[in-house]
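Asker: Provide a 3D model corresponding to the input given below.
(2 chains)
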Number of protein chains: 2
Amino acid sequence: MLFIDRLIERVIATKNPSVIGLDPLLRYVPENLRRVAREAYGDTARAAADAIYHFNRQIIDAVYDIVPVVKPQLAYYEQYGHWGVEAFFRTALYAKERGLIVIADGKRNDIGSTASAYADAYLGETDVGGETAERAFETDALTVNPYLGIDGIEPFLANCKKFGGGLFVLVKTSNPSSGQFQDLALQSGKLVYEEVADLVDAWGGGDGLVGTYGYSSVGAVVGATYPEQAKALRARMRRAYFLVPGFGAQGGKPEDAAAAFDISGLGAVVNASRSVLCAWSHERWGGKFAHEDFAEAARAEALRMKAELTRAIKS
Amino acid sequence: MLFIDRLIERVIATKNPSVIGLDPLLRYVPENLRRVAREAYGDTARAAADAIYHFNRQIIDAVYDIVPVVKPQLAYYEQYGHWGVEAFFRTALYAKERGLIVIADGKRNDIGSTASAYADAYLGETDVGGETAERAFETDALTVNPYLGIDGIEPFLANCKKFGGGLFVLVKTSNPSSGQFQDLALQSGKLVYEEVADLVDAWGGGDGLVGTYGYSSVGAVVGATYPEQAKALRARMRRAYFLVPGFGAQGGKPEDAAAAFDISGLGAVVNASRSVLCAWSHERWGGKFAHEDFAEAARAEALRMKAELTRAIKS
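Answerer: Sure, this is the predicted structure:
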């Protein structure tokens, strides 16, 4: 089944367009989990990575039945070296076993031959010299950066078709300086991100990419922090499903995120990371949760986010 | 010492502005090395990664005294999963022990908080909960993508200052479709990559970034396949050292690469990957080298490249 159809069907089944961003820092992990890892591996990157994996497992166990997607952010794993990348591998595998869709947030980009290696790593398989190829990571989709143009994108499109993977191309990002290049006005009359949007939507129209609901496995990253642009892009891009970061800790509100949805309530998934992973410490819960209760708090916050988003999308 | 001064001093000491790209595919590795790994780990990603590490070691041993820099491309390691990333870690460490400067080619990019994690991974250190922080990878510099603007770049600049690291920001890439976004004409009269070039050069002018030779630790990626643009960018960017991909297998010629240099013969380093790693099989050598002699062939090719570049830069 196409990635986009799997995604939409899980969103419909859970009645929830949320993505939980698994962007853990060591300080998010409570002392009880850190102690276990430290006793096994000392004060090392290996111990930090192991503690983070077990933190992620508890988050996944707490939300897998109410949330359709998780999105581990590769940077947070790479900072712990290859041990961190192993924790990412184990996290993706466990999320997959629990039935979640896994979007690797790596914003990868390169020339064609190198993009092929990334496409095989996150959306395909790699020849390891044996009888069969191996999957490097059990991820369903990847975020990519469009600055190199179509020949850095084609290898990803090929693997979306061949292996049923998905892609989210950066169009309008959620950070304060996103306009520095993305909002520049072109002689054609478009802004840079509008030109990117038109091409991304066209790339997603190829054979074997558009699914049952009319959306494509080639989506777009559109920040919740720019709701007017999100609304205009939703009207402009016919096929691209939106991955919407910037909700929660970055300042995006439910009504901002709602701008990315279509009239049938589809068209986007909305990510929150810190606000869920660190929900236990938020003043909203008035000290109800201890640090060790982070997973219970994450579930409560995920349900609250679902309710808020659902209300905002309907109105 | 600043990254840029370390880089230039090694270029001067070796009289060689070459970078060897360590972008290995399993099929580049001769059967004798693959057999050793297979006997230890079977037909697995772990064996593939181990074979690639030993391949890299032989390349490094063959060129460390005649070449200033190596540039492992992260995609080629990530495709073998966390085992591949461990091979990258070991490769960077070994190259460093041999005195080489190591540029991690990852084209990373993200919002500020996430860019901080990448900056710590490749240009800094990570808190692992112990008494001291750990380096995730022993790399000296990183390639990054500018699409998110300055607040995705600032964490890298901070680590360049704090840890003496370097940065190469994509300006004009070497691939055929690089113009699709990079060459768009802005209402300001500039092209997109010219606007990027001007900002990258400005970013590199901050305190603690400009070294003894007037160049900055914040450099630019400018493809050898676009020599006219490279020449214009060399005149336009006062401080940015250029990392020039696209030489050799991608089609860039010595006189094309020479466009990226200043009149004193500095200002750029030129990367070749496949043409060096697979030199043994090139018709140029008329079957002189067997596959097992790949490292000897790589040295011969690296010396040939040095001579060609030196001649082209002088003329």
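Asker: tell me how far stretch A:208-218 lies from the chain's centre.
Answerer: In terms of Cα atoms, centre = their mean, to the nearest Å, the centre of stretch A:208-218 is set 18 Å apart from its chain centre.
Asker: say whether chain B is contacted by it.
Answerer: No - applying Cβ under 8 Å from any Cβ of the partner chain, one finds stretch A:208-218 separated from chain B by no less than 15.6 Å. C-beta: built from backbone N, CA, C; applies to glycine.
Asker: where is the longest helix in chain A?
Answerer: Of all the segments of type helix in chain A, defined by DSSP state H, the longest one is helix A:294-314.
Asker: which pLDDT value belongs to the closest residue to chain B within the stretch 51-200 of chain A?
Answerer: Ranking the residues of the stretch 51-200 of chain A by distance to chain B (Cβ to the nearest Cβ) places A:G130 first, at 2.7 Å. Predicted confidence (pLDDT) for A:G130: 75.
Asker: helices of chain A, start to end?
Answerer: For chain A, the helices defined by DSSP H occupy A:3-14, A:31-41, A:45-63, A:74-78, A:81-97, A:112-123, A:154-163, A:179-182, A:192-203, A:227-236, A:254-258, A:274-277, A:294-314.
Asker: gap between the last one and the chain center?
Answerer: In this case it means helix A:294-314. Offset of helix A:294-314 from its chain centre (Cα atoms, centre = their mean): 17 Å.
Asker: that one - contacts with which helices or strands?
Answerer: When contacts are defined as 3 or more Cβ pairs under 8 Å, 6 or more residues apart in numbering or on different chains; DSSP states H and E, helix A:294-314 sits against strand A:18-22, helix A:45-63, helix A:254-258, strand A:268-272, helix A:274-277.
Asker: could you export those as a markdown table, including mean pLDDT?
Answerer: A markdown table is the format used below for the helices and strands packed on helix A:294-314 (pLDDT from 0 to 100):
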| stretch | mean pLDDT |
| --- | --- |
| strand A:18-22 | 98 |
| helix A:45-63 | 98 |
| helix A:254-258 | 95 |
| strand A:268-272 | 97 |
| helix A:274-277 | 96 |
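Asker: okay if I get these as TSV plus distance to chain B?
Answerer: Shown next, in TSV, are the helices and strands packed on helix A:294-314 (distance: least, Cβ to the nearest Cβ, whole Å):
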stretch	distance to chain B
strand A:18-22	10
helix A:45-63	4
helix A:254-258	16
strand A:268-272	12
helix A:274-277	9
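Asker: export the ones you listed to a markdown table and append columns for mean neighbour count.
Answerer: What follows is the helices and strands packed on helix A:294-314, written out as a markdown table (neighbours: other Cβ atoms under 10 Å in any protein chain shown):
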| stretch | mean neighbour count |
| --- | --- |
| strand A:18-22 | 27 |
| helix A:45-63 | 23 |
| helix A:254-258 | 23 |
| strand A:268-272 | 28 |
| helix A:274-277 | 23 |
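Asker: what's the closest of the helices of chain A to B:P245?
Answerer: helix A:112-123 (9.8 Å; Cβ to Cβ).
Asker: can you pull the contacts of the residue nearest to A:T14 when sequence neighbours are not counted?
Answerer: Nearest residue to A:T14, sequence neighbours excluded (Cβ to Cβ, 6 or more residues apart in numbering or on different chains): A:P68, at 4.9 Å. With contact set as Cβ atoms under 8 Å, 6 or more residues apart in numbering or on different chains, A:P68 has these partners: A:L7, A:R10, A:V11, A:A13, A:T14, A:N16, A:P17, A:S18, A:V19, A:L100, A:I101, A:V269.
Asker: next one: A:E97
Answerer: Residues in contact with A:E97 (Cβ under 8 Å, 6+ apart): none are found.
Asker: repeat that for 10 Å
Answerer: Applying Cβ atoms under 10 Å, 6 or more residues apart in numbering or on different chains, we find A:E97 in contact with A:I60, A:Y64, A:E138.
Asker: could you give the bridge partners of the residue nearest to the spatial centre of chain A?
Answerer: Central residue of chain A (Cα atoms, centre = their mean): A:K71, 3.7 Å from the mean position. With DSSP bridges applied, A:K71 shows beta-bridge pairing to A:G21.
Asker: the residue nearest to A:F163 when sequence neighbours are not counted and B:G84, how far apart?
Answerer: Spatial nearest neighbour of A:F163, excluding adjacent residues (Cβ to Cβ, 6+ apart): A:G124 at 5.1 Å. Using Cβ to Cβ, to the nearest Å, one gets 14 Å for the distance from A:G124 to B:G84.
Asker: same question for A:R236.
Answerer: Using Cβ to Cβ, A:R236 is found at 39 Å from B:G84.
Asker: from B:L186, how far out is the most far-flung residue of chain A relative to its centre?
Answerer: Largest separation from the mean C-alpha position in chain A: A:Q187, at 33.2 Å (Cα atoms, centre = their mean). Noted for A:Q187: a distance of 7 Å to B:L186, by Cβ to Cβ.
Asker: coming back round to it: buried residues in the longest helix of chain A?
Answerer: Buried residues in helix A:294-314, counted by 16 or more other Cβ atoms under 10 Å in any protein chain shown: A:294-302, A:305-306, A:308-310, A:312-313.
Asker: now the two most distant members of those.
Answerer: Greatest spatial distance in the buried residues of helix A:294-314: A:F294 and A:I313, 27.6 Å, computed using Cβ to Cβ.
Asker: one step back: the residue nearest to A:F163 and A:A115 touch, don't they?
Answerer: No - using Cβ atoms under 10 Å, A:G124 makes no contact with A:A115, being 11.6 Å away.
Asker: hey, what's in contact with both of those two?
Answerer: By the contact definition Cβ under 10 Å, 6+ apart, A:G124 and A:A115 are jointly contacted by A:P155, A:F156, A:A158, A:N159.
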